[in-house]
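Enquirer: Sequence and predicted structure are below.
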2 protein chains.
Amino acid sequence: MKKYTPPSITAVRLADSYLAPRMTANYEVTIPSSIRKCHETGRIEAFKLDWKPGMPNQPHIFWDSDVAKVLEGMAYAVAQHPEDRALAEELDSYVDLIISAQQPDGYLNIVFTSQRPEERWSNLYDCHELYCAGHLMEAAVAHFRATGKRKFLDALCRYADYIATVFGTEPGKLRGYPGHEEIELALCKLADASGNNKYYDLARYFVDERGRTPNYFVEEGKKRNGELHYGLENRQAHKPVREQHDAVGHSVRALYLYTGMADVAAHFDDAGLFAAAEELYQSIVNRRMYITGGLGSTPIGEAFTEDYHLPNDTAYAESCASMALVQFASRMLNITGDGRYADIMEQTLYNGALSGISLHGDHFFYANLLEVDDNTFTHGVTLKQRQPWFDCSCCPTSYCRFLPQLGSFCWSQSLDGNAPEYRLNIPAAGTADFGSAKFEVGGTYPYDGNIPVTILADGDFTLALRIPAWCRSFRATLNGETLELQPEKGFLTLKRHWNPGDRIELQLDMPVDVVRANYKVTSDAGRIALMRGPVVYAFESIDNGNVLPRLCIPADQKFNLAEAAGLPGVRAISVQARLEADNSGDALYLRAAARAPEMEFQALAIPYALWQNRGAASMAIWMREEK
Amino acid sequence: MKKYTPPSITAVRLADSYLAPRMTANYEVTIPSSIRKCHETGRIEAFKLDWKPGMPNQPHIFWDSDVAKVLEGMAYAVAQHPEDRALAEELDSYVDLIISAQQPDGYLNIVFTSQRPEERWSNLYDCHELYCAGHLMEAAVAHFRATGKRKFLDALCRYADYIATVFGTEPGKLRGYPGHEEIELALCKLADASGNNKYYDLARYFVDERGRTPNYFVEEGKKRNGELHYGLENRQAHKPVREQHDAVGHSVRALYLYTGMADVAAHFDDAGLFAAAEELYQSIVNRRMYITGGLGSTPIGEAFTEDYHLPNDTAYAESCASMALVQFASRMLNITGDGRYADIMEQTLYNGALSGISLHGDHFFYANLLEVDDNTFTHGVTLKQRQPWFDCSCCPTSYCRFLPQLGSFCWSQSLDGNAPEYRLNIPAAGTADFGSAKFEVGGTYPYDGNIPVTILADGDFTLALRIPAWCRSFRATLNGETLELQPEKGFLTLKRHWNPGDRIELQLDMPVDVVRANYKVTSDAGRIALMRGPVVYAFESIDNGNVLPRLCIPADQKFNLAEAAGLPGVRAISVQARLEADNSGDALYLRAAARAPEMEFQALAIPYALWQNRGAASMAIWMREEK
């Protein structure tokens, strides 16, 4: 079923101004500061298994995953920066520490080894054993691919082998599955890296067992006399996954599950399971996704809510969920080759996935609100400003491993060696070296639609160039001659013998577009947003003053590109707006008052993902339309 | 300090079409059905103290209060319907059952007597012992006033005496206070009814001890090794009440506390405490109150959030909180005589307080959303339709006791017997018999502003008539002659000798008013609401179809009164609106699409408090303004 695969972590070297600096900041700032935080909080040292009551830094049930994600990111960094021997050595020392924590039976978990051994596998609903196992597997695969060393991979294979003795449909095994999905997709990676397909079988078991009757979580809850505080939907365990039609519950859990479903479906050519994943994908992108690619409309359970319920100022839109949507869409794209997945992958990547981290790389949003002002209600991690770390620090550590993959989202290559094909999903500037084929992408995408692609090595292969759904007009030339091609499923496809220096010029029309939401999204009724290419724009008080709720934007105007102070190289949008006077004073409600007078106002919008990089501010994406 | 008092529960007999039918429904439906529910769920039988593990209907920590509130309502009904001897006998039988549950030391609580006696007073933060005690006191006072019998009152005085031996600043006593306020105001009532002012001292202790350092809840939490799940602000215990400037936390708890603060301040002539109550009142009405008088902007902790954060579709606006705001404003009105409190009391009563109960009297909202559609996110008791009962059924039982008091909110009388004064706060039609003075109010308020007031008995006294703040023009005549009076603090004051048959005609201009919110209320930006007199109007899909998010309302138009099908006698508002076409189809976001075409649409708005009495529906108050 699966047609394409992402390039290796080292194949693509980005040089654009939107993505590449994020990768650099990750290497230079985010990974080192995350390692430091993991030390400071005792997360790494917890693998010594010597924590005792009364000591500081009591290990937590999700700590294994935080460390694993940082290690996965380090492994990618080691691969992308082979000159950094110190980093490779540091990584290896942590790997050795983790392996030292593995028990003779293969089990590997800090809390349920050092603190609560008698509770192993007793509370899959609340605890994170299988989730942590999955992240350790992903880290081990990354380490193996970066270094060629098998020790971490082998350790995690032993853990997976042990898990397969515990869980399954065979008599005597627990018919359980994770309360926080992740291991499903990780087992698929483990299978690919180890070459042992039995891990796909275990992944398929976890996917297919989920939500069956009798419900494992319900029965488990009875045994431990515990409540299922968030219910079954929050864990996507209310019914078998093939019978689920709406994306529900905890949005990160959901997206990890759906990604695993796609992986399992692709491996087994399971059309039914793929159709289930596709239906859940449609549920997200057609009814439950913020314009930023943000997922999760409430902090209550960090969850999806109802179709079209997308409040801007009480959004959750967890950073991890958007990163997971990029991952899920990337899987669907590579399985099918259909550009509509690339459209969502790109929209999410350029907006909601990158908004969670500061440009400098050391501050993070957990929840990514779409509107923030003085009166925004913050709850838990729904904060108005990025933070250096969180007690539950999944988002920062997710960036460590997500950002090194940005280049891998930009390109795909065919799995059929007899029909080599290279696909430029996102035309960010940089180089891509597939061994048999080499490319250089120029231009300043996403700030400009002129994209020169130069072939650096000769060969016979297909080159596919994505024409985004947002692009209503394009032109393409090959060595100066116009190509009379129309995109199929979102890609222009050129199959031929290529010579070094062959040059395609792709020109994507990229006007500032006014976007309206489906009228069922009541939060956005009467409002418009601005997008240009894949970039969602936002109005920040830094540029406009504290006037955002009083601004109205006429849709019919010529929008001009502009500079934003303090954001060099960024293309902002200059907007002719109307500003309503503030005549409300101290009154909460004004009865029979005249509408406030309006005046002309020159407003400025910047890319949403870049907001709050110049200090605390208020911000809004959806602005009232001046009719 | 206190100038006025509400009339007794029997003094005012309403005959209007807005309030009086609610009182009738309460007597005929709500009280009987609540008694039945209290039986069905075991709430009443729990006072037999014979529940054992394994039996159904395990008593809950707030059950005493549910029963007490129904009994308080029954006592008012017994007073207002002296012909109903069966009701009086039924009430007495429950009173006897409750008294039988009192322990030798005076303690009276079902859960902490029959189930968890060793935990008495050990968890004031979470449990509801003092809250339940307060409601029992209010019930006992109502029973005493209705029947003249002292047994229930005496029992609760014994309980209060015992509580005074447990709590206080003296050595050996607990320096605790309730996790759910209520007992403060109840002790003031108990003092008035029993004539024993020591209960005022205990009320003052509970008010003033609250939030002091070291914090009782924090220390208590350490002792029981328990968490303060909702924090200290949710319980208004984050600082001493005199240092609190914003209404925070659980909105019902907050309003009960503030009412108690007003009561204590009035009794002790404590200007500092009154000023604290006033500041909290201002915080509510100027920054944290929905246009309906709804309080609480989030289901998370059933709480206030931030200034001007008043989302319509995720509002909480608990019915109990609005009833409590009516009560608080009534206290402030009677202490000061200032009509601005009557404005809020009336606005809350006519809208958010009555929206929680169906016209028939047997279905209830717990949370009163201001906007409901297919996509509304429901959480817990934030439901789209009224329910017959709740597991936590505070709101239904609050109506049992709240509705019989409606007439008592409409009038006040002076406390100074040498300067008799009668004040018509809300000119609902009906009669008021103060013994020395008798009045008849005619008209059809709030649907019409013409209010004839007839004096039925002669005497020398002052009659004060409220001129609401929403009324920008009024005329008044006495026996046909124009009165050249201007209101002071919201009241026209007429002091003279009155003869039977003297007749005042008050004419309050009552146009349909367009209301705008302070621009800081971002949820209402670009939107308008309609009010007429004290009544907030809402658009319901029953009258308009499922088009509300696509409707725009021009503010500059002549609004006409109209009939609403299925709501006889109700004055609806006919509105010339613009309907945007539904051109969004299945797309979630429409890029570079033309604005949907509009057409003329005749819309209808009904009083918000009456919505969803004609079946399931969508509804909105704040509509997009067509500029």
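Expert: Received, thanks.
Enquirer: For the rest of this, base every contact and every neighbour count on C-alpha atoms.
Expert: Noted.
Enquirer: neighbouring contacts of whichever strand or helix holds A:Ile451?
Expert: Assessed by DSSP states H and E, A:Ile451 sits inside strand A:450-455. With contacts defined as CA atoms under 8 Å, 6 or more residues apart in numbering or on different chains, strand A:450-455 is touched by A:427, A:437-445, A:498-508.
Enquirer: cutoff 10 Å now
Expert: A:424, A:427-432, A:437-445, A:463, A:465, A:474-479, A:498-510 (CA atoms under 10 Å, 6 or more residues apart in numbering or on different chains).
Enquirer: Skip the chain neighbours and tell me the closest residue to the closest residue to chain B within the stretch 101-250 of chain A.
Expert: Chain B sits closest to A:Tyr230 of the stretch 101-250 of chain A, with a gap of 11.3 Å, by CA to the nearest CA. Closest residue to A:Tyr230 apart from its sequence neighbours, by CA to CA, 6 or more residues apart in numbering or on different chains: A:Gly301 at 6.6 Å.
Enquirer: That neighbour contacts A:Glu318, correct?
Expert: No. Assessed by CA atoms under 10 Å, A:Gly301 is found out of contact with A:Glu318, at 11.5 Å.
Enquirer: which residues do these two both contact?
Expert: A:250-251.
Enquirer: Who has more neighbours out of those two?
Expert: More neighbours surround A:Glu318 than the other of A:Gly301 and A:Glu318, with 32 against 18 (other CA atoms under 10 Å in any protein chain shown).
Enquirer: Surely the more buried one and A:Gly356 touch.
Expert: Yes. A:Glu318 is within contact range of A:Gly356, at 8.1 Å (criterion: CA under 10 Å).
Enquirer: who touches both of those two?
Expert: With CA under 10 Å, 6+ apart as the test, A:Glu318 and A:Gly356 both reach A:365-369, A:395.
Enquirer: residues near A:Arg85, how many?
Expert: Based on other CA under 10 Å, the number of other residues close to A:Arg85 is 11.
Enquirer: Mind listing the residues bridging to A:Ile439?
Expert: For the record, residue A:439 is Phe, not Ile. A:Ala432, A:Ile455 (DSSP bridges).
Enquirer: Send over stretch A:389-396 as PDB, restricted to the C-alpha atoms.
Expert: The C-alpha trace of stretch A:389-396 is given here as PDB (Å, rounded to 0.1, in the frame of the first residue of the first chain):
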ATOM      1  CA  TRP A 389      10.000  24.200  31.100                       C
ATOM      2  CA  PHE A 390       6.900  22.500  32.600                       C
ATOM      3  CA  ASP A 391       6.400  19.900  35.300                       C
ATOM      4  CA  CYS A 392       4.800  17.900  32.600                       C
ATOM      5  CA  SER A 393       7.400  18.800  30.000                       C
ATOM      6  CA  CYS A 394       6.300  16.800  27.000                       C
ATOM      7  CA  CYS A 395       6.200  19.800  24.600                       C
ATOM      8  CA  PRO A 396       9.800  21.000  25.000                       C
END
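Enquirer: Show me how far that stretch is from its chain's centre.
Expert: 15 Å (CA atoms, centre = their mean, to the nearest Å).
Enquirer: near chain B, anything from that stretch?
Expert: No. Residues of stretch A:389-396 are not located near chain B by CA under 10 Å from any CA of the partner chain, the shortest gap being 16.7 Å.
Enquirer: Report the buried residues of that stretch.
Expert: A:389, A:393-396 (16 or more other CA atoms under 10 Å in any protein chain shown).
Enquirer: could I get those as JSON lines with secondary structure?
Expert: Shown next, in JSON lines, are the buried residues of stretch A:389-396 (DSSP: H, G, I helix; E, B strand; the rest coil):
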{"residue": "A:Trp389", "secondary structure": "coil"}
{"residue": "A:Ser393", "secondary structure": "coil"}
{"residue": "A:Cys394", "secondary structure": "helix"}
{"residue": "A:Cys395", "secondary structure": "helix"}
{"residue": "A:Pro396", "secondary structure": "helix"}
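Enquirer: Stretch A:75-91: end-to-end distance?
Expert: 7 Å (CA to CA, to the nearest Å).
Enquirer: hang on, the earlier thing: next, the residue nearest to A:Tyr230: secondary structure please.
Expert: On the basis of three-state DSSP, A:Gly301 is classed as coil.
Enquirer: Now for whichever residue of the stretch 351-500 of chain A sits closest to chain B: which residues touch it?
Expert: For the stretch 351-500 of chain A and chain B, the shortest gap (CA to the nearest CA) falls at A:Asn375, measuring 5.4 Å. Residues in contact with A:Asn375 (CA under 10 Å, 6+ apart) are A:313, A:618, B:305-310, B:520-522.
Enquirer: if we go to 7 Å?
Expert: A:Asn375 makes contacts with B:306-309, as judged by CA atoms under 7 Å, 6 or more residues apart in numbering or on different chains.
Enquirer: mind giving me a markdown table with those residues and columns for secondary structure and pLDDT?
Expert: As requested, the contacts of A:Asn375 are exported to a markdown table (DSSP: H, G, I helix; E, B strand; the rest coil; pLDDT from 0 to 100):
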| residue | secondary structure | pLDDT |
| --- | --- | --- |
| B:Glu306 | coil | 96 |
| B:Asp307 | coil | 97 |
| B:Tyr308 | coil | 97 |
| B:His309 | coil | 97 |
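Enquirer: Among the residues you listed, which ones lie close to chain A?
Expert: Among the contacts of A:Asn375, proximity to chain A is found for B:306-309 (CA under 7 Å from any CA of the partner chain).
Enquirer: between those, which is closest to A:Arg287?
Expert: B:His309 (25.7 Å; CA to CA).
Enquirer: which residues does that closest one contact?
Expert: A:375-377, B:297, B:521.
Enquirer: ok, it to A:Leu108 distance?
Expert: 46 Å.
Enquirer: Just the C-alpha atoms of stretch A:404-417, please, in PDB.
Expert: Extracted in PDB, the C-alpha atoms of stretch A:404-417 (Å, rounded to 0.1, in the frame of the first residue of the first chain):
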ATOM      1  CA  PRO A 404      15.600  17.700  13.300                       C
ATOM      2  CA  GLN A 405      13.000  16.000  11.100                       C
ATOM      3  CA  LEU A 406      11.800  19.200   9.300                       C
ATOM      4  CA  GLY A 407      13.800  18.400   6.200                       C
ATOM      5  CA  SER A 408      12.400  14.900   6.100                       C
ATOM      6  CA  PHE A 409       8.900  16.300   5.900                       C
ATOM      7  CA  CYS A 410      10.000  18.500   2.900                       C
ATOM      8  CA  TRP A 411      10.900  15.600   0.600                       C
ATOM      9  CA  SER A 412       9.700  12.000   0.000                       C
ATOM     10  CA  GLN A 413      11.200   9.300  -2.200                       C
ATOM     11  CA  SER A 414       9.500   6.300  -3.800                       C
ATOM     12  CA  LEU A 415       9.900   2.900  -2.200                       C
ATOM     13  CA  ASP A 416      10.000   1.100  -5.600                       C
ATOM     14  CA  GLY A 417      13.700   1.000  -6.600                       C
END
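Enquirer: Many thanks, I have nothing further to ask.
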